[in-house]
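> predicted structure and sequence below. I'll ask about it afterward.
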Amino acid sequence: MKPTDSTDIYRDRHYRLWFTLGCYGLLAATVILLTVFIYLPVAWAFTKSLYQFEIGGDSQFVGLGNYREFFNDPTLWPSFGHMLFLTSFAVCVRLSMPLIVAKLIHSVRHEKWRYFYRILFLVPIVVPGVAVQLIWQGLIYADKGLLNEALMALGRGNWTHGWLSNPSTALISCAFVGFPWIGGFEVLIYYAGLSGIPDSVNEAALLEGCVGIRKFFKIDIPMVLSQLKLILMLTIIGGVQGFEGMLILTKGGPGFETTVPGLWMYYNAFSFQRMGYACAIGVLLFVLIFGLTVLNFKYFKSSEEIQAIQ
C-alpha cells in the first residue's frame, strides 16, 4: 500500500499546485486590467496635474500652478456649493424613501405579493439614466411640459415658467429629477437587510410590544445600518464625481447656476483644452472622495461592528 499512498500524495500535491497557480493566474489577469485601466490613468492624472498642456500638444511644467489657480477660479468654488446641495439632498432621500418602501413590501403578508412588488420596483432600473434625464427635461420641465400644464389646469398659470432656465429654480429642479426617488437598487438592498433580521429579534420585539413605527425606528433601522452605510457611500461618491445629469439637463446653466465640479472639469478638459487644470480638479475630487470614505468607515459603524463592540 505504500507506493499507492505515495502516488496519491504526489497527485494531491500536484493538483493543489496547479490549482494555486490557476488562482494566481486569474488574480494576475485582474490585477493587470486594474493597473492598465484604473491605476495608471489615476497616476497619469496626478502627474499631468503638474503640467499645462492640450491634447496632442506639448506639455509645460508648471508645478503647483494649476492648484494655485483654484483660489482665483470664480466658478470652481460655487460649483462645490451646488454639489454639496445636490449630494445632501440625494443622501436624505435615498436613505429614507427607498427604506420606507422596502419596509412596506417586507410587511406584506403573502410572499407572492412581496415578489410582485419587488419586480415592480425593479423594472425602472432597466431604463437608461440618460433617458430619464431627457424625459424630465423634455416632457416635465419644458415650457409646455407636464408641470406647467398641470399648473395651468389648476388655475395657477402665474406659477409657470422655465424651471431649468430660471436661475432661482434650476438647481432645485435638477434635484427633484427622479421624484419620488424610489430606486429599485436601493429598495432591494434595504429589503435584503430587513429580510436578514433574525426571527428571534422580531419575535422578541413582538413580545415586548415593540411594533409598527416604534419597531421601525428601534429595531429595523439599527439592524440595516450596513445597508445604510453602503447606500450613503455610493450616493456621496456619485454626487461628488457625477456630472452627466447636469450636462444633459442644463449644461451647467443658466450661467453657472447648476455647474458642479465634475462638469467644470469636463469643460476645462474638452471644451477649453486645459487638460492640466482638469487633471488638478480631478485630483481634488479624488482627495475629497477618499477623505469622505475614510471618515465613513471610521465613524459610521455598521450593525455588525456595533454588535462586535457590544
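It's in. Numbers count the residues shown, from 1 in each chain.
> which of the residues in stretch 43-62 are buried?
Judged by neighbour count using 16 or more other CB atoms under 10 Å, the buried positions of stretch 43-62 are 45, 48-53, 62. Yep, even glycine has a C-beta here, placed from its N, CA and C like the rest.
> quick check: mean pLDDT of it?
Across stretch 43-62, the average pLDDT comes to 86.
> burial of T35, as a residue count?
The number of residues packed near T35 is 12, by other CB atoms under 10 Å.
> what's the pLDDT at it?
At T35, the pLDDT value in this model is 91.
> can I get stretch 101-111 in CSV? Just the C-alpha atoms.
The C-alpha trace of stretch 101-111 is given here as CSV (Å, rounded to 0.1, in the frame of the first residue of the first chain):
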residue,chain,number,x,y,z
VAL,A,101,-40.9,51.3,0.6
ALA,A,102,-38.7,48.3,1.4
LYS,A,103,-40.3,48.2,4.9
LEU,A,104,-43.8,48.3,3.4
ILE,A,105,-43.0,45.5,0.9
HIS,A,106,-41.4,43.4,3.7
SER,A,107,-44.6,43.9,5.8
VAL,A,108,-46.8,42.4,3.1
ARG,A,109,-48.0,39.0,4.4
HIS,A,110,-48.1,36.9,1.2
GLU,A,111,-44.8,36.1,-0.5
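> got the contact list for that stretch?
With contact meaning CB atoms under 8 Å, 6 or more residues apart in numbering, stretch 101-111 is reached by 114, 117-118, 121, 182, 186-188, 190-191, 193-195, 216, 220.
> tell me the mean pLDDT for that stretch?
On average, the pLDDT along stretch 101-111 is 88.
> now swap in stretch 276-293 and tell me
Confidence for stretch 276-293, expressed as mean pLDDT, is 91.
> next one: stretch 191-205
Averaged across stretch 191-205, the pLDDT comes to 85.
> other SSEs contacting the strand or helix carrying L234?
Under the criterion of DSSP states H and E, L234 resides in helix 225-241. Under the contact definition 3 or more CB pairs under 8 Å, 6 or more residues apart in numbering; DSSP states H and E, helix 225-241 sits against helix 76-94, helix 184-195, helix 261-270, helix 275-299, helix 303-309.
> now distance to R13 too, for the ones you listed, in JSON lines please.
Formatted as JSON lines, the helices and strands packed on helix 225-241 follow (distance: least, CB to CB, whole Å):
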{"stretch": "helix 76-94", "distance to R13": "52"}
{"stretch": "helix 184-195", "distance to R13": "41"}
{"stretch": "helix 261-270", "distance to R13": "53"}
{"stretch": "helix 275-299", "distance to R13": "40"}
{"stretch": "helix 303-309", "distance to R13": "38"}
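> related to what we said a few turns ago, may I see the buried residues of the helix holding L234?
Under the neighbour-count criterion of 16+ other CB under 10 Å, helix 225-241 has 225-233, 235-237, 239-241 buried.
> what about the strands in the stretch 1-150 of the chain?
51-52, 60-61 (DSSP state E, counting those that start in this stretch).
> contacting residues around stretch 196-209?
Outside stretch 196-209, the residues within contact range by CB under 8 Å, 6+ apart are 211, 215, 218-220, 223-224.
> from I135, how far out is F179?
From F179 across to I135, the span is 12 Å (CB to CB, to the nearest Å).
> between the two, which one's more packed in?
Neighbour comparison, F179 and I135: the larger count goes to I135, with 14 against 11 (by other CB under 10 Å).
> cool, thanks, talk later.
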